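A.B. asks: with the sequence up front, the predicted model follows.
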Amino acid sequence: MLHLGLGSFHRAHQAVYLQALHDRGDRRWSLAGANLRPDMADTIAALQAQGGAYTLETVSPAGESRYARIESIREVIPYTPGQAAMVARGADPATRIVSFTVTEAGYYLDAAHRLDLGFDDLARDLARATLGEAGETIYGAVTAILRARMARNAGPLTLLNCDNLRHNGERFRAGLLEFIERLGDAPLLAWTQAHTTCPNAMVDRITPRPPPELRERVRRATGWDDAAPVTGESFIQWVIEDDFIAGRPAWETVGVELVQSVQPYEEAKIRILNASHSCIAWAGTLVGLQFIHEGTLTPAIRQMAHDYVTEDVIPCLTHEGASPVDLPRYRDVVLERFSNPAIRDTNQRVSADGFSKIPGFIAPTVRERLAAGAGIGSVAMLPALFLAFLQRWHQGTLPYAYQDQGMDPAVAHAICAAADPVAALCADAGLWGELAGDERLVSAVRRASDRVALFLAQHGH
């Protein structure tokens with residue numbers, strides 16, 4: 001397997017499942033890893049020096065720490081302009097799966113799920129691909145791999161998403177095929193359609209950025225002086241549609257759920273875990289907290305997340321029959337995971353990318369509740385919190401730099417500076433699609449904004 005994106009999440013998740021197979025004596029598969037961009041150079045260099053091995057620290061909600069050596073990444077491919085080594089590894093017949101971790105915004109999809117060529121790096125990659133060069137977006141990188149693979153007659157390939165985009169395999173495939181179509185490369189398009197599959201998948205494990213003191217903790221606990229350790233919670237989950245065109249590891253023997261449809265698992269995760277996470281990060285930031293666990297342990301904030309899931313999400317996920325997920329239990333497990341003080345996950349990390357998270361994680365619940373003629377009082381708290389958070393960003397009073405790949409800063413400043421910011425936020429079609437400007441949405445977010453103001457008054461910020 002070649003994995004694109006050697007960040008903490010991949011090294012605390014997919015690499016760990018493969019290590020579990022190796023520990024059982026099944027060493028038929030190994031990982032090679034590369035990055036699409038020249039970032040994380042220190043981590044990549046450290047991993048190279050350690051032969052791809054590193055230490056994983058996991059911490060349970062009860063505070064028990066465990067340390068494991070992960071050695072499933074057998075090859076670390078450093079970034080070089082043109083990415084020749086990455087493309088060669090992807091085009092090798094021995095490579096049967098190319099997997100990748102991309103943020104929601106890294107797919108460059110517009111509201112109609114088409115590629116948004118307004119993004120410079122995507123337009124730049126199309127130009128590069130026209131010249132036969134590899135790019136730095138997921139489409140530019142994978143297209144270069146597929147082109148080389150077709151030229152070598154290297155056989156079929158599974159392309160596996162490992163991230164939080166809903167329907168990630170389908171949507172990535174549509175974006176990839178559109179990218180190749182725009183190149184006008186008909187033979188590559190036909191080859192890709194016939195020789196690749198893109199299973200939908202759902203991944204879960206909270207993996208904060210490794211704190212500076214992690215290296216010393218690992219050294220004290222294990223004796224390893226590890227320059228590239230990672231930390232995460234003890235919980236781990238991976239659900240994948242079993243649609244692999246060129247074989248796969250025997251993941252089902254180490255706890256991966258291989259299913260026909262990932263959709264009910266994905267919906268539960270995205271609406272319950274991801275959206276609640278954002279809710280807690282925005283609310284916690286507004287009252288001066290730094291970490292997710294601090295917000296989760298604040299009764300008023302925990303209640304907002306609990307009510308949002310109980311009153312608005314669970315009815316949506318059960319309206320057409322039972323879910324294979326025990327939703328109330330899942331909600332409680334998620335809130336327990338968020339309150340783990342050892343994880344020290346920051347509000348800064350989790351609050352990012354609101355302009356992708358509202359349409360992806362929050363708007364579907366609003367849409368379905370309104371379609372059912374139901375109230376949206378609890379879910380409306382999330383955009384209301386985001387608006388209050390955005391106002392701080394607009395005023396320059398956030399305690400940290402806010403990162404949002406999907407945000408047009410001029411549009412965001414205009415929302416905040418409008419005579420009626422609630423109406424301006426609710427009128428944004430990028431956030432709400434066909435619901436934009438809906439009077440029921442506006443009035444619900446207006447009432448929720450009053451509740452947010454009351455919450456801030458009571459919590460002294």
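C.D. replies: Alright, I've got the coordinates. Since the model is a prediction, treat every value here as computed from it, not as a measurement.

A.B. asks: number of residues surrounding the residue nearest to Ile240 when sequence neighbours are not counted?
C.D. replies: Of all residues not flanking Ile240 in the chain, Ala201 sits nearest, at 4.4 Å (C-beta to C-beta, 6 or more residues apart in numbering). Quick note: C-beta positions are derived from backbone N, CA and C, even for glycine. By the criterion of other C-beta atoms under 10 Å, Ala201 has 25 neighbours.

A.B. asks: residues contacting Ala201?
C.D. replies: Shown in contact with Ala201 (C-beta atoms under 8 Å, 6 or more residues apart in numbering): Leu160, Asn161, Cys162, Asn168, Gly169, Trp238, Val239, Ile240, Glu241, Val262.

A.B. asks: give me the element Ala410 is part of.
C.D. replies: In the assignment (DSSP states H and E), Ala410 maps to helix 409-417.

A.B. asks: now for whichever helix or strand comes after that helix, which elements pack on it?
C.D. replies: Going down the chain from helix 409-417, the next helix or strand is helix 421-426, by DSSP H and E. If you count contacts as 3 or more C-beta pairs under 8 Å, 6 or more residues apart in numbering; DSSP states H and E, helix 421-426 packs onto helix 381-395, helix 409-417, helix 439-458.

A.B. asks: next, Leu56: secondary structure please.
C.D. replies: Put simply, Leu56 is strand when judged by DSSP: H, G, I helix; E, B strand; the rest coil.

A.B. asks: dump the residue contacts of it.
C.D. replies: Taking C-beta under 8 Å, 6+ apart, we find Leu56 in contact with Arg11, Ala12, Val16, Tyr67, Ala68, Arg69, Ile70, Pro229, Val230, Thr231, Gly232.

A.B. asks: show me where the stretch 101-250 of the chain has helices.
C.D. replies: 120-130, 138-152, 168-183, 186-195, 214-222 (DSSP state H, counting those that start in this stretch).

A.B. asks: Leu317 is nearest to which of these?
C.D. replies: Nearest to Leu317 among the helices of the stretch 101-250 of the chain is helix 168-183 (18.5 Å), distances taken as C-beta to C-beta.

A.B. asks: where in the protein is the helix or strand with the lowest mean pLDDT?
C.D. replies: helix 263-268 (a mean of 92; mean pLDDT, DSSP states H and E).

A.B. asks: any stretches of the chain with poor pLDDT?
C.D. replies: For the chain, residues meeting the criterion pLDDT under 70 lie at 461.

A.B. asks: if you set the cut-off to 80 instead, what comes out?
C.D. replies: Filtered on pLDDT under 80, the chain yields the residue ranges 104, 111, 320-321, 460-461.

A.B. asks: what about the strands in it?
C.D. replies: Along the chain, the stretches classed as strands by DSSP state E are 2-4, 31-34, 54-59, 65-70, 73-77, 97-100, 157-161, 196-197, 201-204, 230-233, 237-241, 257-259.

A.B. asks: other residues contacting the first one?
C.D. replies: Residues lying outside strand 2-4 but in contact with it, judged by C-beta under 8 Å, 6+ apart, are 10, 14-15, 31-36, 73, 86, 89-90, 95, 97-101, 138, 141, 145, 162.

A.B. asks: recalculate using a threshold of 6 Å.
C.D. replies: His10, Leu31, Ala32, Gly33, Ala34, Leu36, Arg89, Gly90, Thr95, Val98, Ser99, Phe100 (C-beta atoms under 6 Å, 6 or more residues apart in numbering).

A.B. asks: in its sheet, what does that strand sit against?
C.D. replies: Strand pairing for strand 2-4, using DSSP bridges, gives strand 31-34 (parallel), strand 97-100 (parallel).

A.B. asks: which of these sits closest to Arg209?
C.D. replies: Relative to Arg209, the nearest member of those by C-beta to C-beta is strand 31-34, separated by 17.9 Å.

A.B. asks: please identify the buried residues of stretch 144-156?
C.D. replies: Under the neighbour-count criterion of 16 or more other C-beta atoms under 10 Å, stretch 144-156 has Ala144, Ile145, Leu146, Arg147, Ala148, Arg149, Met150, Ala154 buried.

A.B. asks: for that stretch, what is the distance to the chain centroid?
C.D. replies: Distance of stretch 144-156 from the chain centroid (C-alpha atoms, centre = their mean, to the nearest Å) equals 28 Å.

A.B. asks: skipping adjacent residues, who's closest to the most centrally placed residue in the chain in space?
C.D. replies: For the chain, Asn164 is the residue whose C-alpha lies nearest the centre (C-alpha atoms, centre = their mean; 3.8 Å). Closest residue to Asn164 apart from its sequence neighbours, by C-beta to C-beta, 6+ apart: Asn274 at 5.9 Å.

A.B. asks: how about residues contacting stretch 30-38?
C.D. replies: With C-beta under 6 Å, 6+ apart, stretch 30-38 has contacts from 1-4, 6, 15, 18, 72-77, 79, 86, 89, 136, 141.

A.B. asks: may I see the ChimeraX selection of the buried members of these?
C.D. replies: Burial among those is assessed by 16+ other C-beta under 10 Å; the matching ChimeraX selection reads:
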select :1,2,3,4,6,15,18,72,73,76,77,79,86,89,136,141
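
A.B. asks: mind listing what Ile145 touches?
C.D. replies: When contacts are counted by C-beta under 6 Å, 6+ apart, Ile145 touches Val87, Gly90, Ala91.

A.B. asks: please apply the same query to Asn161.
C.D. replies: Contacts for Asn161 (C-beta under 6 Å, 6+ apart) come out as Asn168, Gly169, Phe172, Ala201.

A.B. asks: ok, 10 Å please
C.D. replies: Shown in contact with Asn161 (C-beta atoms under 10 Å, 6 or more residues apart in numbering): 99-102, 107, 138, 167-173, 198-203, 240.
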